[in-house]
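Undergrad: predicted structure and sequence below. I'll ask about it afterward.
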Amino acid sequence: MVRTTVGKDILDRIFFITERVIVFDGADDIFEHIVKTSVMLTRAEAATIRVFDIHKGNLKIIKGFGVSSGFLSQPPLRLGEGVTGRVVLEGNPFITHDITKIPECAHKELAELEGIRAVMSVPLKTRDNSIGCITVYRKTTEPFSEHDLLLLSIFATQTTEAVEKTRLLEELRKQAMIDTLTGAYTKNALLKELDLKVKLALRHNYRTSIMFIDIDDFKQFNDSNGHLLGDKLLADFTTLLKQCCRKTDIIGRFGGEEFVIISPHTDKRGAFVLADKLREAVSCHKFTGHAQDVSVTFSGGIAAVPDDGSDACEVLKKADDAMYKSKKTGKNRITIWEMKKSRTTRSKSGGKNNKYAGPGTAGRSKKS
């Protein structure tokens, strides 16, 4: 009767995990449920789950329960390093009544500080290999039983599928945020980031600038060189933007040949300096054309929070309107949104097209 009850409880919890994945709950929620369930099934006091990072080549604790933040922040392990590294590498479980007596323990001092003694670790095994492990802990030397091992191994088998699905969903979410052609944020992801950055700027009382960019005469380039080279131009253009921007700047593809750059902690003058740096880099670059390399320019507009409003869409529209003012007044230039009378200022480089002007409520004209 006890075995039947425990078995039903395991099935209920496995179903719960699968359901969480299907309804697109976050990975953190899934992992928290896994470690808590592991503790319950084995009558342990704490648990961690480690997953192998294929890019960094190490095992890192991604979630824990019942242990301190210091224990959770321990350095990642190489595959085969320490007890859990061997569990993942060899695909075999490990049990001990006192981990402090095991020479292979990689972070014995942390276990001693935490008061951990009995340890059991089981691999998260796929058909081909292990992707991580679940480890449970007791602060006494009461050993884990074969029955505990059986329960945790069954649970780990089902957990592996949930972990793989969660990682896949996280990768799909990431892909949905990134434009596959340029590597910039997609429009939807960009708007979410813009809304967040505007709220942070207002809450903490600092300026954030928005730069709206449109590549000049892109349609003509496409007509002359074809869409394949047009795509290459967009990819190369984005690379130039990334090279000139700070790591804290956010670059998004708004649509077609339109891009938006969000610059936190930057006023409009600072954004203009960045924009002119971008304009110069793009003007000097030779993009691949069908017959020969060609020069490309862009027109840009700048607005900022809180100077030009407290609503993300409102400020973005003003940056867009300022960009259209650049289009109307000759292209290859940057315009700063200002409510007062328009004015023109040369950039530090002194070129005739290096100007910005306050457009007021500039009307739109057809883009080239």
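TA: That came through fine.
Undergrad: measure stretch 219-238 end to end?
TA: End-to-end distance of stretch 219-238 (Cα to Cα, to the nearest Å): 17 Å.
Undergrad: and that stretch, which residues are buried?
TA: By 16 or more other Cβ atoms under 10 Å, the buried positions in stretch 219-238 come out as 221-222, 225, 229-230, 232-234, 236-238. No exception for glycine: its C-beta is placed from N, CA and C like everyone else's.
Undergrad: look up the closest residue to Lys139, ignoring the ones flanking it.
TA: Excluding its sequence neighbours, the residue lying closest to Lys139 (Cβ to Cβ, 6 or more residues apart in numbering) is Gly115, at 4.6 Å.
Undergrad: and Lys199, how far is that from Val305?
TA: 9 Å (Cβ to Cβ, to the nearest Å).
Undergrad: looking at those two, which one has more neighbours?
TA: Taking neighbours as other Cβ atoms under 10 Å, Lys199 and Val305 compare with Val305 leading, 25 against 14.
Undergrad: so what secondary structure elements neighbour the host helix or strand of Ala319?
TA: Take DSSP states H and E as the rule and Ala319 turns out to sit in helix 312-328. Counting contacts by 3 or more Cβ pairs under 8 Å, 6 or more residues apart in numbering; DSSP states H and E, helix 312-328 packs against helix 187-204, strand 208-215, strand 298-305, strand 334-336.
Undergrad: residues near the residue nearest to Lys139, how many?
TA: Residues near Gly115, counting by other Cβ under 10 Å: 14.
Undergrad: likewise the one 10 residues further on?
TA: Using other Cβ under 10 Å as the criterion, Lys125 is surrounded by 18 other residues.
Undergrad: look up the closest residue to it, ignoring the ones flanking it.
TA: Gly91 (5.7 Å).
Undergrad: give me every residue that touches that neighbour.
TA: Neighbour list for Gly91: 123, 125, 129-130 [criterion: Cβ atoms under 8 Å, 6 or more residues apart in numbering].
Undergrad: residue ranges of the helices in the chain, please?
TA: 2-22, 27-42, 69-72, 82-90, 108-114, 146-177, 187-204, 218-225, 227-244, 268-284, 312-328 (DSSP state H).
Undergrad: state the mean pLDDT of the last one.
TA: Taken as a whole, helix 312-328 has an average pLDDT of 95.
Undergrad: the second one too?
TA: Averaged across helix 27-42, the pLDDT comes to 87.
Undergrad: just checking, what packs against that helix?
TA: The contact analysis (3+ Cβ pairs under 8 Å, 6+ apart) places helix 27-42 against helix 2-22, strand 46-53, strand 58-65, strand 130-137, helix 146-177.
Undergrad: can you point out the buried residues in the last one?
TA: For helix 146-177, the neighbour count (16+ other Cβ under 10 Å) marks 148-149, 151-152, 154-156, 158-160, 162-163, 165-166, 169 as buried.
Undergrad: same check, this time on the second one
TA: By neighbour count, with 16+ other Cβ under 10 Å as the criterion, the buried positions of strand 46-53 are 46-52.
Undergrad: hmm, which two among those are most spread apart?
TA: For the buried residues of strand 46-53, the farthest-apart pair by Cβ to Cβ is Ala46 and Phe52; their separation is 21.3 Å.
Undergrad: report the beta-bridge partner residues of the spatially closest residue to Thr135 that is not a sequence neighbour.
TA: Closest residue to Thr135 apart from its sequence neighbours, by Cβ to Cβ, 6+ apart: Ser121 at 4.0 Å. Beta-bridge partners recorded for Ser121 (DSSP bridges): Phe94, Thr135.
Undergrad: in this structure Ser121 contacts Gly82, no?
TA: No. Using Cβ atoms under 8 Å, Ser121 makes no contact with Gly82, being 10.0 Å away.
Undergrad: for Tyr137, see how far away the residue nearest to Lys139 is.
TA: Gly115 sits 9 Å away from Tyr137, going by Cβ to Cβ.
Undergrad: cool, Ile213 as well?
TA: Between Ile213 and Tyr137 the computed distance is 53 Å (Cβ to Cβ).
Undergrad: for Ser209, same thing?
TA: 50 Å.
Undergrad: again, but for Cys245
TA: 45 Å.
Undergrad: what's the answer for Ile99, then?
TA: 8 Å.
Undergrad: who touches both of the two?
TA: With Cβ under 8 Å, 6+ apart, Ile99 and Tyr137 have common neighbours 116, 118-119.
Undergrad: check the residue nearest the centre of the chain and give its pLDDT.
TA: With distances taken as Cα atoms, centre = their mean, Lys174 lies nearest the centre of the chain, 6.6 Å away. Note for Lys174: predicted pLDDT of 70.
Undergrad: residue ranges in the stretch 51-200 of the chain under the pLDDT threshold?
TA: For the stretch 51-200 of the chain, residues meeting the criterion pLDDT under 70 lie at 169-172, 175.
Undergrad: mind doing that once more with 50?
TA: For the stretch 51-200 of the chain, no stretch is flagged by pLDDT under 50.
Undergrad: ditto for the stretch 201-350 of the chain
TA: In the stretch 201-350 of the chain, residues with pLDDT under 50: 341-350.
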